[in-house]
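Participant: here are the coordinates; sequence isn't available:
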């Protein structure tokens, strides 16, 4: 009986690990629901520009991305030493200053991160064990990094299209969420889709990302003077 009980405990522990939510769905949902109508409309508008014309302003967008990463990293470090605000300020200036002279490397890093996000989304969409989602993201990280170093324009299109798609998706879902709350009686279709369908969010991001890459590729071809 002891061996059977031991195996049962291992199985139960494995099941609990597999059921744990590693994809931050609740965090994403909070971002959707916390936006006001105005902020959601601005997000959609900015996302469209990001999605279609990000290649024209990719240097500024890359610097902003690294500034945000510096902000969060600096705040985390500053929190440990009791100066969260100053840690964020230092992080913003440090990563922004580093990103300007190392712009090509920064774009390649962002392209690799975009690849990791896409493959991680597909891992989640197919319902694979979330505890191993890092493996799926590692594949995208390597593939996105290799493509970015080989074809620089691909990195620009990839990270700007994905970022624009994410912003547009959050904005549209927020508008739909507010619309549902105005109906009588209020409905919860968006909530059910976000939390109940593994395919919903990945498809909502993947489809506009592909559209953005195709559109940017056509525009870049018509701009032979486009350079880093």
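Facilitator: Yep, it's here. Note that the coordinates shown come from a computational prediction; the quantities given were computed from them, not determined experimentally.

Participant: How much space separates residue 142 from residue 148?
Facilitator: 11 Å (Cβ to Cβ, to the nearest Å). C-beta here means a position set from N, CA and C on the backbone, and glycine is covered the same way.

Participant: tell me, what's touching these two both at once?
Facilitator: Residues touching both residue 142 and residue 148 by Cβ atoms under 8 Å, 6 or more residues apart in numbering: 112, 115.

Participant: in this structure, what spans have low per-residue confidence?
Facilitator: Low-confidence segments of the chain (pLDDT under 70): 1-20, 224-228.

Participant: And stretch 180-199, how far out from the chain middle?
Facilitator: Distance of stretch 180-199 from its chain centroid, counting by Cα atoms, centre = their mean, to the nearest Å, is 22 Å.

Participant: Can you list the buried residues in that stretch?
Facilitator: In terms of neighbour count (16 or more other Cβ atoms under 10 Å), stretch 180-199 has its buried residues at 190, 194, 198.

Participant: you'd agree the second one is up against residue 29?
Facilitator: I take that to be residue 194. Yes. With contacts counted by Cβ atoms under 8 Å, residue 194 reaches residue 29, the gap being 5.6 Å.

Participant: Just the element for residue 148, please.
Facilitator: helix 133-150 (DSSP states H and E).

Participant: for that helix, packing partners?
Facilitator: helix 103-125, helix 152-182 (3 or more Cβ pairs under 8 Å, 6 or more residues apart in numbering; DSSP states H and E).

Participant: Let's see that with 6 Å instead.
Facilitator: Secondary-structure packing of helix 133-150 (3 or more Cβ pairs under 6 Å, 6 or more residues apart in numbering; DSSP states H and E): helix 103-125.

Participant: can you pull the buried residues of the helix it packs on?
Facilitator: 103, 106-125.

Participant: Could you do stretch 207-217 as well?
Facilitator: In stretch 207-217, the ones that count as buried by 16+ other Cβ under 10 Å are 208-209, 212-213, 215-216.

Participant: any chance of those in a markdown table, with secondary structure too?
Facilitator: Converted to a markdown table, the buried residues of stretch 207-217 look like this (DSSP: H, G, I helix; E, B strand; the rest coil):
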| residue | secondary structure |
| --- | --- |
| 208 | helix |
| 209 | helix |
| 212 | helix |
| 213 | helix |
| 215 | helix |
| 216 | helix |
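
Participant: ok, these vs residue 53, which is closest?
Facilitator: Residue 53 lies nearest to residue 216 out of the buried residues of stretch 207-217, by Cβ to Cβ, at 8.0 Å.

Participant: quick one on the thing from earlier: any buried residues in the helix holding residue 148, and which?
Facilitator: So, applying 16+ other Cβ under 10 Å, buried residues of helix 133-150: 133, 136-137, 140-141, 143-145, 147-149.

Participant: among the buried residues of stretch 180-199, which are in helices?
Facilitator: 190, 194 (DSSP state H).
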